[in-house]
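Enquirer: one predicted model, sequence on top.
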Amino acid sequence: MMRTFAKHLILSLIVVMAFMSCSQDTLDANTEQDNMLKQAVRASSPNGQLEHFILPNESDLDQIPQDKVLNPLTQAKVDLGKFLFFETGIALDAFNPQGMGTYSCASCHIPSAGFRPGTFQGIADGGAGFGVNGEDRGIMSGYEEDDMDTQDARALSLLNVAYVENTFWNGQFGAGGVNIGTEDVWTHDNGSHVNELTVNGQHYQAIEAQNIEGVETHRMLMNKKIADSLGFTTMFDASFPEFDIEERYSKLTLSLALSAYIRTLLSNQAPFQSWLKGNYSALSSAEKQGGMLFFGKANCSTCHYNKNLGSKEFHALGVNDMYHRPSFSSSKEDFRNQGRGGFTGKEEDMFKFKVPQLYNMSDTPFYFHGSSIESLTDLVEYKNDAVKENENVPDGQMSEKFKSLNLTVEEKNNLVQFLEKSLYDPNLTRYQPENLMSGGCFPNADPQSMQDLGCR
């Protein structure tokens, strides 16, 4: 009996030691992966530090890039902007009466869609319907196609836009950054499009400049009567005490409050952010391998190297434009198809588009300015193959960084894992109010959207 017990004891010890050995091997492998990923991230960081890529907390206003002269961040201003961003009650300059009060900023920048449209093209005034995630947005009865307020280039995500110096796919907004020296085209007829960017001359930073223009473009109004009716008067008073009472409730202060809120939209709860802060179990083995590819062999970080995994660079990748697919009011002649060149008028800038941030790409299946790619797998394949799809883009304009990557099937899958999961903040609805001050339906309030959203 003693021999049998001893035999079982020895077998048990062998099993435990084998398990411990396997566990140690797993720990060693994980540690090696983490160290290799750290090395790759540091090599891609402009200052050689992991911390370069860490996003601040949205409540830590002092750490968020801002216009400290013309629009310093305050919590009161951010809180006001949060309500106004979703408020359909300010959509009072609609083209047709039935469009009045039916759309908001969030019609085209939905939190659950990564602050992008839920469908391939953004539609504000003249749009109807929502679906589950904005995917059912279509034309409102009584509107002609040319009456609609549509975005003829894929709406960029508002996540981490505080780190963008010049906004829009062509970077046209903002007096500083890459727009220094472009003053002569801020109001200029370049032959195909008349630039009307006098707002740049007011020397607001890019986000504020775009929103000052955007409030006009997207047919929104604000005055004392509207502020009173929607319940915002006290919040405007707290946000803009430096403005005279006659100017405090206006389209300018509306745009400044929206800009303050937008600057706080940070994807700081993504697993990659957690990993950067030392939680090495936040990423799976496949994601870590994908991260090493992102910051290594796949060359993604040669363009996506800023804190938001974007940059101020512009590149021609030869992707199709919005008009290549059935869409509202898009055309081959649209200046947006020319990218940076549509703004500057310079031949060397033609068909070059901004390098966007990459967080929460998996929220909606539309990529690039023309929404021509509809999955992350296809996006990685497109970058891997490096073969343009748009014959309108001359070979001589194609980016020198657009080269075949020669990734294996496993490597492509791992890279997709990193893009899809590691860069996904699962809690963007924290930036959405539970209810509006006005009590209205949001982000849309047309009859179909209200039914889709369960507002009645």
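Expert: Received it, and whenever you're ready, just let me know what you need.
Enquirer: just the mean pLDDT for stretch 414-430, thanks.
Expert: What stretch 414-430 shows for mean pLDDT is 98.
Enquirer: er, stretch 59-79 I mean
Expert: In this model, stretch 59-79 has an average pLDDT of 97.
Enquirer: in it, what counts as buried?
Expert: Across stretch 59-79, burial judged by 16 or more other C-beta atoms under 10 Å covers 61, 64-67, 71, 73-74, 76-79. For glycine as for every other residue, the C-beta is placed from the backbone atoms N, C-alpha and C.
Enquirer: between these, which sits nearest residue 49?
Expert: residue 65 (17.9 Å; C-beta to C-beta).
Enquirer: ok, back up a step: in TSV: the buried residues of stretch 59-79, plus distance to residue 431.
Expert: TSV is the format used below for those (distance: C-beta to C-beta, whole Å):
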residue	distance to residue 431
61	15
64	13
65	17
66	17
67	20
71	19
73	15
74	17
76	17
77	15
78	10
79	12
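Enquirer: in strands, which of these fall?
Expert: Within these, no residue falls in strands by DSSP state E.
Enquirer: residues contacting residue 389?
Expert: Going by C-beta atoms under 8 Å, 6 or more residues apart in numbering, residue 389 touches 318-320, 372, 382.
Enquirer: pLDDT value on it, please?
Expert: With respect to pLDDT, residue 389 scores 98.
Enquirer: and residue 193, by the same measure?
Expert: We have a pLDDT of 63 for residue 193.
Enquirer: could you do residue 15 as well?
Expert: 52.
Enquirer: can you check the one 10 residues further on too?
Expert: In the prediction, the pLDDT value recorded for residue 25 is 52.
Enquirer: can you check the one 10 residues further on too?
Expert: Predicted confidence (pLDDT) at residue 35: the value is 97.
Enquirer: give me the number of residues near it?
Expert: Neighbour count for residue 35, taken as other C-beta atoms under 10 Å: 11.
Enquirer: what helix or strand is it on?
Expert: For residue 35, the element it lies in under DSSP states H and E is helix 2-44.
Enquirer: so residue 368 sits against residue 316, correct?
Expert: No - the pair residue 368 / residue 316 is not scored as a contact, 11.4 Å apart, by C-beta atoms under 8 Å.
Enquirer: between the two, what contacts are shared?
Expert: Counting by C-beta under 8 Å, 6+ apart, the common neighbours of residue 368 and residue 316 are residue 353.
Enquirer: which residue ranges of the stretch 101-250 of the chain form strands?
Expert: Remark: strands assigned in the stretch 101-250 of the chain by DSSP state E, counting those that start in this stretch are 127-128, 138-139, 187-189, 194-196.
Enquirer: below-threshold pLDDT in the stretch 101-250 of the chain: ranges please.
Expert: For the stretch 101-250 of the chain, the stretches with pLDDT under 70 are 188-195.
Enquirer: what sits closest to residue 412 if chain neighbours are left out?
Expert: Of all residues not flanking residue 412 in the chain, residue 380 sits nearest, at 5.2 Å (C-beta to C-beta, 6 or more residues apart in numbering).
Enquirer: where does the one you found fall, phi/psi-wise?
Expert: When read as degrees, to the nearest 10, the backbone of residue 380 gives phi -60, psi -40.
Enquirer: and if you look at the one 10 residues further on?
Expert: When read as degrees, to the nearest 10, the backbone of residue 390 gives phi -110, psi 110.
Enquirer: wait, what's in contact with residue 419?
Expert: Contacts of residue 419 by C-beta under 8 Å, 6+ apart are 290, 294, 358, 361-362, 376, 379-380.
Enquirer: swap in 7 Å and give it another go.
Expert: 358, 361, 376 (C-beta atoms under 7 Å, 6 or more residues apart in numbering).
Enquirer: any idea how many residues pack against residue 217?
Expert: Residues lying near residue 217 (other C-beta under 10 Å) number 14.
Enquirer: what about it, distance to residue 296?
Expert: The gap separating residue 217 from residue 296 is 41 Å, by C-beta to C-beta, to the nearest Å.
Enquirer: quick one on the thing from earlier: for the contacts of residue 419, pick the one with the most neighbours.
Expert: Counting neighbours by other C-beta under 10 Å, residue 361 leads these with 22 neighbours.
Enquirer: as a check, name the ranges of all strands in the stretch 351-456 of the chain.
Expert: Secondary structure of the stretch 351-456 of the chain (DSSP E, counting those that start in this stretch): strands at 353-354.
Enquirer: where does pLDDT dip in it?
Expert: Scanning the stretch 351-456 of the chain for pLDDT under 70 picks out 456.
Enquirer: now do the contacts for the most centrally placed residue in the chain.
Expert: Nearest residue to the geometric centre of the chain (C-alpha atoms, centre = their mean): residue 157, 1.9 Å. Residues near residue 157 by C-beta under 7 Å, 6+ apart: 114-116, 357, 360.
Enquirer: again, only using 6 Å
Expert: Contacts for residue 157 (C-beta atoms under 6 Å, 6 or more residues apart in numbering) come out as 114-116.
Enquirer: now residue 206
Expert: Listed by C-beta under 6 Å, 6+ apart, the contact set of residue 206 reads 166-167, 173-174.
Enquirer: which residue comes closest to it once chain neighbours are left out?
Expert: Excluding its sequence neighbours, the residue lying closest to residue 206 (C-beta to C-beta, 6+ apart) is residue 174, at 2.9 Å.
Enquirer: can you give me the neighbour number for the one you found?
Expert: Using other C-beta under 10 Å, residue 174 has 25 neighbouring residues.
Enquirer: got it, and residue 409?
Expert: Residue 409 has 7 nearby residues by other C-beta under 10 Å.
Enquirer: look up how far residue 126 lies from residue 343.
Expert: According to C-beta to C-beta, residue 343 and residue 126 sit 26 Å apart.
Enquirer: not counting its neighbours along the chain, what's nearest residue 317?
Expert: Closest residue in space to residue 317, ignoring its immediate chain neighbours: residue 402 at 5.5 Å, by C-beta to C-beta, 6+ apart.
Enquirer: surely the one you found and residue 386 touch.
Expert: Yes - Residue 402 lies in contact with residue 386 (C-beta atoms under 6 Å); the separation is 5.2 Å.
Enquirer: what about residue 439, neighbour count?
Expert: Close neighbours of residue 439, defined as other C-beta under 10 Å, add up to 9.
Enquirer: list the residues that contact the residue nearest to residue 239 when sequence neighbours are not counted.
Expert: Nearest non-adjacent residue to residue 239, counting by C-beta to C-beta, 6+ apart: residue 77, 4.3 Å away. Neighbouring residues of residue 77 by C-beta under 6 Å, 6+ apart: 239, 257, 260.
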